[in-house]
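Asks: The amino acid sequence is not available; the structure is as follows:
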Ligand code: PFF
């Protein structure tokens, strides 16, 4: 078999990982959650969960991926050596399915971003336009969203087909720095608007009166989703990381970059929303209805609109690339297909589901699964079932099936890196006891709600 592809530089690994983490979640969910859950109160809680749960889980996904040098399915098989290998391999299979399900609705939204870039480039966002109606046309029409979804998936497939080093690394190295520069430009513009102060207060002033049990759950859920924990992307990327890299440092830097981007996104969006006297929202309503409305009234708003939708597109693309690679690595290594065939078949499977998701907002509105349209069903299936179940099995595997020695050997690069013994003990304790308990708790609460 050919030698495995791998990342060429530390910077390349970091931007690819940050690319997976930084996504729609940072732009259309984080700012709203912060503002509506007590500003600084939410940020502190988010940082707390990020540090004590998500970072240890990310380091652990790194351990599993790099130690096995294998795709998500193979990783558990290799590490559980022999007898129970096949059974544990199924955990990896859940991740492959999660990636497929997430990508099916994520690529529809990716399609909308391409649509909005073309509209921004044509300077379509004029004052007085009915933006709800415009968005309905872009998302509910039978053909238009399908075409843009296909274009988005084509971008994703083209990068993945070129491989880890010559595709994913090469393109995220260009996209991620640009993404940061553009979001900083948007944040400066937003902060310098008259009346921006209210938005800054909405984001950062601690307000305990908005603190509820939902605040805790939202902070926890958002930290998992934002760091792409539990769906195999980190395991897959980590399997392309060289043995001499410091995985604790890489994980910490990724988490820091993701958080920094989320805060910048909040600063780019909320001050502008308040400066124009609009009401904050989350999700599609925020980025596809409220934001274009703002740009239509801003001097040189047309240019900023292009900038904003390119940011959204890059953020979505770098995440979808990581999701497609989970499936592709599995097909190449377990089914022994060529990369081209693997990309073609997995993109095709995503396309079928994506078409259903897209049509479920218009033509197939009446088709429901457990009370949800197909789009929402996919979203809930991944967030409430696949990710927590996959995450729980993964953490039980790393905590209880892998030995302490294997775990620590991987973190310390077989003893060549030194970490404080207290840090290592706490890390192991979190993986064995705290993380499984927290995941079970989240699942219980979300079922009981
Ligand atoms: N982290 C991405 C976001 O915040 O939008 C979403 C995501 C990407 C989740 C990749 C899971 C994943 F594997």
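Replies: Okay, I see it. This one's a predicted model, so the numbers in the text were calculated from it and none came from an experiment.

Asks: Can you name the residues of the stretch 101-250 of the chain sitting close to the ligand?
Replies: Applying Cβ under 6 Å from any ligand atom, we find that the stretch 101-250 of the chain lies next to the ligand at 102, 225-226, 228, 231, 233. The C-beta positions use only the backbone N, C-alpha and C, and glycine is treated the same way.

Asks: What is the nearest of these to residue 350?
Replies: residue 102 (9.8 Å; Cβ to Cβ).

Asks: what pLDDT does that closest one get?
Replies: Note on residue 102: pLDDT of 96.

Asks: Assumed residue 274 was part of a helix.
Replies: Yes - assessed by DSSP: H, G, I helix; E, B strand; the rest coil, residue 274 belongs to a helix.

Asks: rewinding a little: possible to save the residues of the stretch 101-250 of the chain next to the ligand as TSV with distance to residue 34, secondary structure and neighbour count?
Replies: TSV is the format used below for these (distance: Cβ to Cβ, whole Å; DSSP: H, G, I helix; E, B strand; the rest coil; neighbours: other Cβ atoms under 10 Å):
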residue	distance to residue 34	secondary structure	neighbour count
102	23	helix	26
225	15	helix	23
226	12	helix	23
228	20	coil	30
231	24	coil	32
233	24	helix	30
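
Asks: Please identify which of these is nearest to residue 92.
Replies: Distance ranking of those against residue 92, using Cβ to Cβ, places residue 231 first at 10.8 Å.

Asks: residue ranges of the helices in the stretch 101-250 of the chain, please?
Replies: 131-140, 144-161, 170-191, 197-204, 213-226, 233-238, 247-275 (DSSP state H, counting those that start in this stretch).

Asks: Can you tell me which of those is nearest to residue 86?
Replies: Residue 86 lies closest, by Cβ to Cβ, to one member of the helices of the stretch 101-250 of the chain: helix 233-238, at 17.8 Å.

Asks: tell me the average confidence for the closest one?
Replies: Averaging pLDDT residue by residue across helix 233-238 gives 97.

Asks: wait, doesn't residue 278 sit right on residue 292?
Replies: No - between residue 278 and residue 292 there is no contact under Cβ atoms under 8 Å: 11.4 Å.

Asks: Give me the distance between residue 411 and residue 62.
Replies: According to Cβ to Cβ, to the nearest Å, residue 411 and residue 62 sit 8 Å apart.

Asks: How about the helix or strand in which residue 393 is found and the ligand, touching?
Replies: Here residue 393, judged by DSSP states H and E, is contained in helix 387-396. No - using Cβ under 6 Å from any ligand atom, helix 387-396 never reaches the ligand; the gap is at least 7.8 Å.

Asks: What residues sit buried inside the following helix or strand past that helix?
Replies: Next helix or strand after helix 387-396 toward the C-terminus (DSSP H and E): helix 404-411. With burial defined by 16 or more other Cβ atoms under 10 Å, the residues of helix 404-411 counted as buried are 407-408, 410-411.

Asks: For the ligand, state which of the residues you listed is nearest.
Replies: residue 410 (21.3 Å; Cβ to the nearest ligand atom).

Asks: what's the nearest residue to the closest residue to the ligand within the stretch 51-200 of the chain if we skip its chain neighbours?
Replies: Across the stretch 51-200 of the chain, no residue is closer to the ligand than residue 102, which sits at 5.7 Å (Cβ to the nearest ligand atom). When the adjacent residues along the chain are set aside, residue 102 lies closest to residue 382, with 4.9 Å between them (Cβ to Cβ, 6 or more residues apart in numbering).

Asks: Return the residues in contact with the one you found.
Replies: Counting by Cβ atoms under 8 Å, 6 or more residues apart in numbering, residue 382 touches 98, 101-102, 231.
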